[in-house]
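Colleague: following is a predicted model, sequence given first.
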Amino acid sequence: MPHLLQVEGLARQFKINSKGVIDAVKGISFYIDTGEVYSLLGPNGAGKSTTIAMISGLIEPTRGEAFIDGYSIQREPLQAKRLLGVVPQEIALYPKLSARQNLEFFGRMYGLSGSMLARRVDEVLDIIDLAERQHDKIETFSGGMKRRVNIGVGLVHQPRLIYMDEPTVGVDPQSRRRILDTVLRLRDELGMSVLYTTHYMEEAQELSDRVGIIDHGEIIAEGTVGELIRQVGEEDRLVLHVGDQVLPAGLTERLRAEVEGITEVHVEQHMPEDALSPDTILTILAKRGRKALPDLLQVAASAGLDVISVEVREPDLEAVFLHLTGRALRD
Amino acid sequence: MRKSLAIAWKELYTTYTDRTLLLIMLVTPLALATIIGLALGGFINDTSNDVPVRNIPVALVNLDEGGGPSGMVLGDIYVSALVEGADTAGLSTGDEIVCEAVGGGAAADGAADGGATLYDLTNTVLLDSAAAARAGVDAGEYAAAIIIPADFTARATPDFTTGEVRIEPVSVEVYASPARPIQAGIVHSIVQAITNQIATGEIAIAASIGALVDSAADPEIGARLQALSASPADASAIFACAFSPSYAPIEVQQQVVSGEAAGEGGVFNPLIYFGATNAVFFMMFTARGGAGSLLTERRQWTLQRLIASPTPRPAILLGKMLGTVVNCIVQLIALFIALTLIGSVIAGELQFIWGRNIPAILLMIVTVSIAAAGLGALITGLARSEEQANVIGSAVIIVMGLLSGSFFPVQALESAPVVRVLPYLTINYWAVDAFLSLAIGEGSILLNVALLLGLGAVMFGIGWWAFNRQLDIRG
């Protein structure tokens, strides 16, 4: 049985000037089955959106091919596109039209009309919980409500596969929760497949049946959340905030040498809003992190470092990404 | 096609629910045309602010072969009136006694009343060839050519011998430059006045002879008039002084840039001219904005959403262009109706601002809308961003408007030879030219239609190709 989405070696180069090109995506392959939520997890600029743009026919791949239910997006675009719902990261709506008018307009673009269109619009308005505001113009909506209509437009023609490109960017926690619930409902109640891109590790971890971790245009790891976490073993992540202090020379080497269980020490600089100097954050991977914590703090103190706060995190996708790339997802 | 219609409907809906856009599309050009029209027009009786016009270049071709019972050549009256110091052998000055008796002897020049003479008003050159005169107008050398036909006198002179005074219809051709509507309108008015005077004079001659005989105070004059009544040929010759500028000058107060006569009368009306120029000028902005909304849609990602749907790209472009063209058509029709109403209210009678040939007006409106949409597509295709399209588009439209006389008659710039050619490269010129032709009820608009459709098609083609190249959108 063929996969609902089959991506085979998709690659895309962009000209950056008359002499050079940049490889935005370097031969990505993955698949999604019916009723599956697949997340592409990676930092900004990793190639997620370019991959999705190729899958949805917005740009031509330099090489490779994508199939939706067996239809090639390059060679049979109209058939393939009918099966695909699109939820871009941007609020791709007409602000002067009402929520209902937006849904109807894009429904017509997918060939719906008459009573079928009206019925589907009503159903989608229920799914996104905006039936009461259906006649209000989009420009009067809050950010979260616009996001929900943005998702609704992708659903109106009952696609078998829907892609959502960072759908929770810039929304308040309440709206974010509602969007995540909608995604789960699409899979669990409507049996739809979802291609979900995000740089929020928590979302990928909560929603995904499988996750592809993408970096520098390549999928560097793929599997269920459990499978990926097992790649980094049972290591906890200890996050030490030291404010704008300068790290004492040789501290990272001392930590590795003197504290039992530490495997990796990463130092990041982070510039908080309204701050004049960057904060320094030490991210330490350690087996049985809670047990290692007292020794770790003692070494830091003896080196003259005043630790402001400490977080101990269980193994997660953030740790996987850190383990695989040496960088945090938010970089 | 259904998808294209849905896209076009969306364009129209978003346009006509936007009050600001409607203000720019309809109210602004209407107000501007009316204000300019009233400012320059003769709708207001106060002429203190009128703008004088002098030395209008005119070519006069007198082909009149005479043939009336008096032996006069009435065409010479035009020559005498317009060409200073012209040799008008066919125009006898007659007997001064008669002219004294009718109270003649008025000053030849209107300057005595503070007005300008026709010699001041026009700079008329006498030519032999009608074709040469028309060519001179086409080349911009003359604002108008006056062509007196060969049978003018023969048809215009009444036959006294039958006892019934009757003048056959006869026409004098005024071949005017559409690029100089104000000056052309003035020349038209002058010719109309001279022609009316000739017709009036011919009729008056026969009617006056009897009365003069009875009322002559001097018995000698009475006896001579008595004798003349028996000889119509001699009477015509003597009364010819009635047509001479020396005795019965064609009264010309200083001619002004004004719209005394309505468009349907064939004389320049500023509301017609500036109505057409402003309607086309502002419609161009509508067209650019409509086509440019593709760039807006790309920025707000609705275009990408359309492309990601099973809608072919040509259908998307067709829908956008259809919406733009319909918007332009609606705008021009609304302005035509509104300007007609304003003109009618001012004139006190129904006056169709661009004439009564409604099918031709509609054809022109559709044509110029297509051409303008083509220009909008071209600018959209070549621009890399909305801002660039706005700047380039506005600059192109304003320059086209200036060159074609949207704000002032372009003949004011005629000293620069290049300016004579550049208007022909603008959509505005061909559109306004056609609307003026329709208003006057003269000339064909087929050339205008063909040129505008051709321009529109070429620009749309280039714009489509260029924009399609941009549609490889990075996510």
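Modeller: It's in.

Colleague: alpha carbons only for contacts and neighbour counts from here, please
Modeller: Will do.

Colleague: give me the number of residues near B:Leu375?
Modeller: B:Leu375: 28 surrounding residues under other C-alpha atoms under 10 Å in any protein chain shown.

Colleague: residues touching it, list them.
Modeller: Taking C-alpha atoms under 8 Å, 6 or more residues apart in numbering or on different chains, we find B:Leu375 in contact with B:287-288, B:456, B:459-460.

Colleague: and it, how close does it get to chain A?
Modeller: For B:Leu375, the distance to chain A equals 25 Å [C-alpha to the nearest C-alpha, to the nearest Å].

Colleague: tell me the SS of that residue?
Modeller: Three-state assignment for B:Leu375 (DSSP: H, G, I helix; E, B strand; the rest coil): helix.

Colleague: can you give me the distance of it to B:Thr426?
Modeller: Separation of B:Leu375 from B:Thr426 (C-alpha to C-alpha, to the nearest Å): 10 Å.

Colleague: check B:Lys3 too.
Modeller: Distance from B:Lys3 to B:Thr426, counting by C-alpha to C-alpha: 33 Å.

Colleague: same check on B:Ala383?
Modeller: According to C-alpha to C-alpha, B:Ala383 and B:Thr426 sit 20 Å apart.

Colleague: with neighbour numbers in mind, choose between those two.
Modeller: B:Ala383 (22 against 19).

Colleague: any idea how far chain A is from the more buried one?
Modeller: From B:Ala383 to chain A the distance is 19 Å (C-alpha to the nearest C-alpha).

Colleague: and the helix or strand harbouring A:Val124, what's buried?
Modeller: Assessed by DSSP states H and E, A:Val124 sits inside helix A:114-127. Residues A:117-118, A:120-125, A:127 are the ones in helix A:114-127 that count as buried (16 or more other C-alpha atoms under 10 Å in any protein chain shown).

Colleague: hang on, the earlier thing: among the contacts of B:Leu375, who's most crowded?
Modeller: Neighbour counts for the contacts of B:Leu375 peak at B:Ala287, which has 28 neighbours (criterion: other C-alpha under 10 Å).

Colleague: name the element it belongs to?
Modeller: helix B:270-299.

Colleague: before we move on, what about B:Leu402?
Modeller: B:Leu402 belongs to helix B:386-403, assigned by DSSP H and E.

Colleague: what does that helix rub up against?
Modeller: B:277, B:281, B:284-285, B:288, B:292, B:295-296, B:376, B:379-380, B:382-383, B:407-408, B:410, B:419, B:422-423, B:426-428.

Colleague: for stretch B:310-324, C-alpha coordinates in CSV please.
Modeller: Only the C-alpha atoms of stretch B:310-324 are listed here, as CSV (Å, rounded to 0.1, in the frame of the first residue of the first chain):
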residue,chain,number,x,y,z
PRO,B,310,-5.9,23.1,-7.9
THR,B,311,-6.4,26.3,-9.8
PRO,B,312,-4.2,26.8,-12.8
ARG,B,313,-2.1,29.9,-12.7
PRO,B,314,-3.6,31.4,-15.9
ALA,B,315,-7.0,31.1,-14.3
ILE,B,316,-5.7,33.1,-11.3
LEU,B,317,-4.3,35.8,-13.5
LEU,B,318,-7.4,35.9,-15.7
GLY,B,319,-9.6,36.3,-12.6
LYS,B,320,-7.4,39.1,-11.3
MET,B,321,-7.4,40.9,-14.7
LEU,B,322,-11.1,40.4,-15.2
GLY,B,323,-11.8,42.0,-11.8
THR,B,324,-9.5,44.9,-12.7
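
Colleague: that one and chain A in contact?
Modeller: Yes - looking at stretch B:310-324 against chain A by C-alpha under 8 Å from any C-alpha of the partner chain, the contacts come from B:310-312.

Colleague: quick check, A:Val211 in a helix?
Modeller: No - membership of A:Val211 in a helix is not supported by three-state DSSP, which gives strand.

Colleague: just give the closest residue to it, not the sequence neighbours.
Modeller: A:Ser39 (4.7 Å; C-alpha to C-alpha, 6 or more residues apart in numbering or on different chains).

Colleague: count of residues packed around A:Ile59?
Modeller: There are 21 residues near A:Ile59, going by other C-alpha under 10 Å.

Colleague: so where's chain B uncertain?
Modeller: For chain B, applying pLDDT under 70 flags the ranges B:36-54, B:68-71, B:86-118, B:157-169, B:178-182, B:199-269, B:408-420, B:442-443, B:471-475.

Colleague: hang on, B:Val280 packs against B:Asn428?
Modeller: Yes - contact criterion C-alpha atoms under 8 Å: B:Val280 and B:Asn428 qualify, at 6.2 Å.

Colleague: what's the overlap in contacts for these two?
Modeller: By C-alpha under 8 Å, 6+ apart, no residue touches both B:Val280 and B:Asn428.

Colleague: pipe the contacts of B:Leu375 into TSV and attach distance to chain A per row.
Modeller: Putting those into TSV (distance: C-alpha to the nearest C-alpha, whole Å) gives the following:
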residue	distance to chain A
B:Ala287	19
B:Arg288	19
B:Gly456	28
B:Met459	25
B:Phe460	23
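
Colleague: could you point out the helix or strand that follows the helix holding B:Ala287?
Modeller: Defined by DSSP H and E, the subsequent element after helix B:270-299 is helix B:302-308.

Colleague: that following helix near chain A anywhere?
Modeller: Yes - Helix B:302-308 lies within reach of chain A by C-alpha under 8 Å from any C-alpha, at B:302, B:304-308.

Colleague: and the residues of stretch B:310-324 next to chain A, which is closest to chain A?
Modeller: B:Pro310 (4.6 Å; C-alpha to the nearest C-alpha).

Colleague: for the closest one, which residues are in contact?
Modeller: A:77-79, A:81-82, A:109-110.

Colleague: just flag the most distant two among the residues you listed.
Modeller: The span of the contacts of B:Pro310, defined through C-alpha to C-alpha, is set by A:Pro77 and A:Met109 at 14.1 Å.

Colleague: just to revisit the earlier point, helix, strand or coil for the residue nearest to A:Val211?
Modeller: Under three-state DSSP, A:Ser39 falls in the strand class.

Colleague: now swap in the one 4 residues further on and tell me
Modeller: Of the three states, A:Pro43 takes coil under three-state DSSP.

Colleague: same check on A:Lys19?
Modeller: coil.

Colleague: and the strands in the stretch 51-200 of chain A, which stretches?
Modeller: All strands of the stretch 51-200 of chain A, identified by DSSP state E, counting those that start in this stretch, fall at A:63-68, A:71-72, A:84-87, A:161-165, A:193-198.

Colleague: what does chain B give?
Modeller: For chain B, applying DSSP state E gives strands covering B:56-62, B:122-127, B:144-148, B:173-176.

Colleague: can you redo the ones you listed as TSV with mean neighbour count and distance to B:Met321?
Modeller: Output for the strands of chain B, formatted as TSV (neighbours: other C-alpha atoms under 10 Å in any protein chain shown; distance: least, C-alpha to C-alpha, whole Å):
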stretch	mean neighbour count	distance to B:Met321
strand B:56-62	25	44
strand B:122-127	19	48
strand B:144-148	28	40
strand B:173-176	20	37
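
Colleague: for A:Val310, list each beta-bridge partner.
Modeller: Beta-bridge partners recorded for A:Val310 (DSSP bridges): A:Leu240.

Colleague: buried residues, stretch B:351-360. List them.
Modeller: B:351-355, B:360.

Colleague: wait, I meant stretch A:215-222
Modeller: A:215-219, A:221-222.

Colleague: and stretch A:256-276, by the same measure?
Modeller: Buried, per 16+ other C-alpha under 10 Å, within stretch A:256-276: A:256, A:259-262, A:264-265.

Colleague: now do it: distance from first to last residue.
Modeller: End-to-end distance of stretch A:256-276: 31 Å, with C-alpha to C-alpha as the criterion.

Colleague: in chain A, which residue is closest to the centre?
Modeller: A:Thr198 (1.0 Å; C-alpha atoms, centre = their mean).

Colleague: roughly how far apart are it and A:Pro43?
Modeller: Taking C-alpha to C-alpha, one finds A:Thr198 at 8 Å from A:Pro43.
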